[in-house]
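> give me the fold of what follows.
(2 chains)
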2 protein chains.
Amino acid sequence: MSNIYSDVLNRLSPYTPGEQLNDKRYIKLNTNENPYPPSPKVIEAIKKGANSGLRLYPDPESIDLIETLADFHGVGKENIFVSNGSDELLAFAFNAFYANKDVAFPEITYSFYPVYCSLYNCKARIVPMKDGYMIDKKALSEMDCPIIVANPNAPTGELLESEYILSLLKRNRDNLVLVDEAYIDFAKQQSMVPYVLDNENLLVVKTFSKSYCLAGMRIGYAIGSKLLIDALKTIKNCFNSYPLDRLAQISAKEAVTDQTYYNKINQMVIDTRERTKTALEQIGCIVLPSKSNFIFVSFPGFDSYAIYTKFRDKGILIRQFSYISDYVRISIGTDSDMDILINLAKEIMKK
Amino acid sequence: MSNIYSDVLNRLSPYTPGEQLNDKRYIKLNTNENPYPPSPKVIEAIKKGANSGLRLYPDPESIDLIETLADFHGVGKENIFVSNGSDELLAFAFNAFYANKDVAFPEITYSFYPVYCSLYNCKARIVPMKDGYMIDKKALSEMDCPIIVANPNAPTGELLESEYILSLLKRNRDNLVLVDEAYIDFAKQQSMVPYVLDNENLLVVKTFSKSYCLAGMRIGYAIGSKLLIDALKTIKNCFNSYPLDRLAQISAKEAVTDQTYYNKINQMVIDTRERTKTALEQIGCIVLPSKSNFIFVSFPGFDSYAIYTKFRDKGILIRQFSYISDYVRISIGTDSDMDILINLAKEIMKK
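Reported below is the predicted structural model:
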C-alpha cells in the first residue's frame, strides 16, 4: 500500500503551529494574535453578511476587497492578490517563483519557509545568523538567487531598513525578492509597498491576522508588479477558484476602512511592547529590539523549555522553539496580561 | 524577467469557474448552488460566532467539526479531513497520491481534474465517453492506475452503482480511487461512505457547497482510511496550518446537526429536477437522467452557445462549456425559477 502515496508526500516534514488550546484558563501569548478585538464595524458587517446569500459562491476574484486594498495602498487593482491567510499566499509564491530553484533566507526566521522548500522542491540556501540572532545582511546580499525575508523578522523582531532591501532588489533583478510584512504595522515605518511599482521583482506579503485582529478569518494579501500578481492568479486558478469565503472578504474590506480604530489599538500594542521590554530588562532578562507585536527574550540561567513550562504551569502560553535553547518568543497582550507575565518573570528571576 | 517564474508556472492552464455576476437581474442556474438558504440555525450560529474571538486563530485541526462529521457518518475522527472547499481537498489529494503519476478519469467530468494534472505533473489517462455522454465503465475498469470519478458525474448527472465502484477498488488495491461525491445528496443512495473502512484505497470527497447551501463559506471534507487521511494532513500542514476560518467551522458543524431542514429542501430540489426534466422533454429537449442538482440538456436545432446566449439575454445564467457543442448544464433552482426557464425554453423550441 505504501506506493499509494506520491513521491512528493514521501519527502515532506510539516510545519508545527503554536498550540491552540481552547482551555480558557490560559493567557495566550504564543501565536502573535492581537490582544484587542476586531473593529466593531467588522463584527457588524459580518453579522449583516450572515444571510441567505451564503448559499452562493463568493466572488472568485474578491474584487470589492481588492479595490479597497488598492485604494488604501495607492496601487492598481492589478497589483493586489488576496488569499486564505498569508500562508496560502506564501505557498502560492513558492510554487510560482521558487519551485525547483534555490531560495535564500536567514537561518532563524519564519519556520514555514523551509517547509515550503520541501513541498516545492526548492534548495534552501540558509544564511547563518550573526552576533546571536541578527540577520547577516552582508551574507544575504551576496546570494545570487531568489530571496525571502520576514520584515520585521520572526521570532526575533529585527527590522531591516528599506535601503537595504532596495539593495537586494537591485542585485537580484531576475529573481523574486519576497518581503513578508506580517508584522510591519507594529514597526510604523519601512514598509516596502511604496517600491513595488518601480521594482518588478518585489513582492510584499501582508496579513489580516495580526494588526487587523482577524486571525480567525484567514486573510492575507500581496502587493507587487502585474507580472508577479498574474503569476499568483494563475497558481490560484489551478488550485482553488474560491479561497476566500464571503464573510472573510466582507470582514477584511470593513477592517481596511476603519484605520482610526486600528491605529489606536496597534499603538497600544507598541506602547505595551516597549513597557514590557523595559520591565523585563530591569530584572535581568535580555530582550532583543523588536519592531513587532512580540518580543524575543532570554532569561539568563534558564533554558527556553524551562521558561516555557514555568509560564505554562502558571497559566501563560508563550512560544518555545525546539531549535532555540536560550530565547523564547512572547506575544504582546493587553497591559494586564503583561503585568501578570512581568510579575511571574520577577518570581522566576529571583530564584 | 521571464525566468522569475518557476518551471511549474510555465506549464499551467487554469480552470475557469462559472460566472459569478453580481448583477441581481439574473436567475443564476450556472454554478449548481442550492436555491434555498442555509438552515436558520446556521445563520444564527454564525452571528453568535461573530465576536471578539475572531482575533484568535481557528482550531487548526477543526476538531469540533470533525467529531460532528465522524458521528454523522459513523466513522472515527481519524477518518475525516476538512478543507477550504472540496477543490482545495482535491488539490491536496492530487499532490499526496497522484503527483508525477498517471491518473485515469472520464473524458467529460469535472474540468478541474485535468488542471490538477498540470499543476501536479500527472499524466491524464482520459477515458472517452460512450454512447454520447455516458461513462465507459468497461474501459475505466481496465485502467491499472489511480482513478478519479465524480459520482454523480458532472456535468452529465450520471450515477455509477456502488457495486461498480467496489469492482474498481478491488482491481486497484495499490492505487487511490477517489470518488468525488459533491452531488451525492441529490441521488439519495449509492454513497461510497459505508465502504471506506474496508477499502484502504478509497477516498470519498464531499462538500458543503451544494446540499448544505454553503457555497459562500467554502467547506469540503473527505472520508477515508487513516492511511489516506494522514497523508492529506501532511500535505495540509506543509501548505497552510489554518485553512478553515472560525465561522466556516461553526457553520458546517451547525449544518450537519440540522438534517431535518436539509432533507426537506434537498427533496424539493429533487422533485423540481424531475418536474423540469419532464417539462423540457415534452417540448423536444433531450435531458440525460440526472441524480444531481442539475440537468444536462440538449435543445435540438441549437448549439450550446446559442442556447446559453438566448437564456442569458432573458436574464437566466446557465453553464456552457466551450468543449461541448450540443448540451448545456442547467442548475436546479426554485420552482418559480424553473417555471421561468421552462417558459423560455418553450419559446425557443417553438421557433
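
> and the stretch 151-300 of chain A, which residues reach chain B?
For the stretch 151-300 of chain A, the residues in contact with chain B (C-beta under 8 Å from any C-beta of the partner chain) are A:173-176, A:200-201, A:209, A:213-218, A:227-228, A:231, A:233-235, A:237-248, A:251. Any C-beta I mention is one placed from the backbone N, CA and C, and that applies to glycine too.

> count the neighbours of the residue nearest to residue A:26 when sequence neighbours are not counted for me.
Closest residue to residue A:26 apart from its sequence neighbours, by C-beta to C-beta, 6 or more residues apart in numbering or on different chains: residue A:317 at 4.9 Å. For residue A:317, the neighbour count with other C-beta atoms under 10 Å in any protein chain shown is 22.

> for my notes, confirm residue A:317 occurs in a helix.
No. Per DSSP: H, G, I helix; E, B strand; the rest coil, residue A:317 lies outside any helix segment and is strand.

> OK, contacts around the closest residue to residue A:190 other than its chain neighbours?
Excluding the flanking residues, the one nearest residue A:190 by C-beta to C-beta, 6+ apart is residue A:162, at 5.2 Å. Taking C-beta atoms under 8 Å, 6 or more residues apart in numbering or on different chains as the contact definition, residue A:162 lies against A:190, A:191, A:192, A:195.

> before we move on, which element is the first one in?
What that stands for is residue A:190. Using DSSP states H and E, residue A:190 falls within no helix or strand.

> now it: how far from residue B:268?
57 Å (C-beta to C-beta, to the nearest Å).

> one step back: now do the residue nearest to residue A:26, the pLDDT please.
We have a pLDDT of 95 for residue A:317.

> what's the answer for residue A:22, then?
So residue A:22 comes in at 62 (pLDDT).

> for residue A:323, grab the count of nearby residues.
For residue A:323, the tally of surrounding residues (other C-beta under 10 Å) stands at 8.

> and it, which helix or strand is it part of?
Here residue A:323 is assigned to no helix or strand, by DSSP H and E.

> what's it sitting at in phi/psi?
phi -100, psi 10 (degrees, to the nearest 10).

> next one: the one 3 residues further on
The phi/psi pair for residue A:326 (degrees, to the nearest 10) reads phi -110, psi -20.

> out of the contacts of residue A:162, which one sits closest to residue A:64?
Lowest distance from residue A:64 to the contacts of residue A:162 (C-beta to C-beta) belongs to residue A:191, with 23.2 Å.

> follow-up on the earlier one: so who does the residue nearest to residue A:26 touch?
Taking C-beta under 8 Å, 6+ apart, one finds A:18, A:19, A:21, A:26, A:27, A:28, A:29, A:30, A:311 in contact with residue A:317.

> likewise for residue A:171?
Neighbours of residue A:171 in contact, by C-beta under 8 Å, 6+ apart: A:141, A:144.

> please report how far it lies from residue B:6.
Counting by C-beta to C-beta, the gap from residue A:171 to residue B:6 is 20 Å.

> and the residue of the stretch 151-300 of chain A closest to chain B?
Residue nearest to chain B within the stretch 151-300 of chain A (C-beta to the nearest C-beta): residue A:237, separated by 3.3 Å.

> now do the strands in the stretch 1-150 of chain A.
Per DSSP state E, counting those that start in this stretch, the stretch 1-150 of chain A carries strands over the ranges A:27-29, A:80-83, A:102-106, A:123-127, A:147-150.

> right, and residue A:176 touches residue A:225 too?
No. Between residue A:176 and residue A:225 there is no contact under C-beta atoms under 8 Å: 10.2 Å.

> now do the shared contacts for these two.
In contact with both residue A:176 and residue A:225: residue A:201, using C-beta under 8 Å, 6+ apart.

> and the pLDDT for residue A:167?
Model confidence at residue A:167, given as pLDDT, is 97.

> an error on my part: the question was meant for residue A:25.
So, for residue A:25, pLDDT stands at 80.

> compute the number of surrounding residues for it.
Quick note: residue A:25 (other C-beta under 10 Å) scores 7 neighbours.

> wait, it sits on residue A:313?
No. At 11.2 Å, residue A:25 does not count as touching residue A:313 under the criterion of C-beta under 8 Å.

> now do the helices in the stretch 151-300 of chain A.
A:162-171, A:226-237, A:246-256, A:259-282 (DSSP state H, counting those that start in this stretch).
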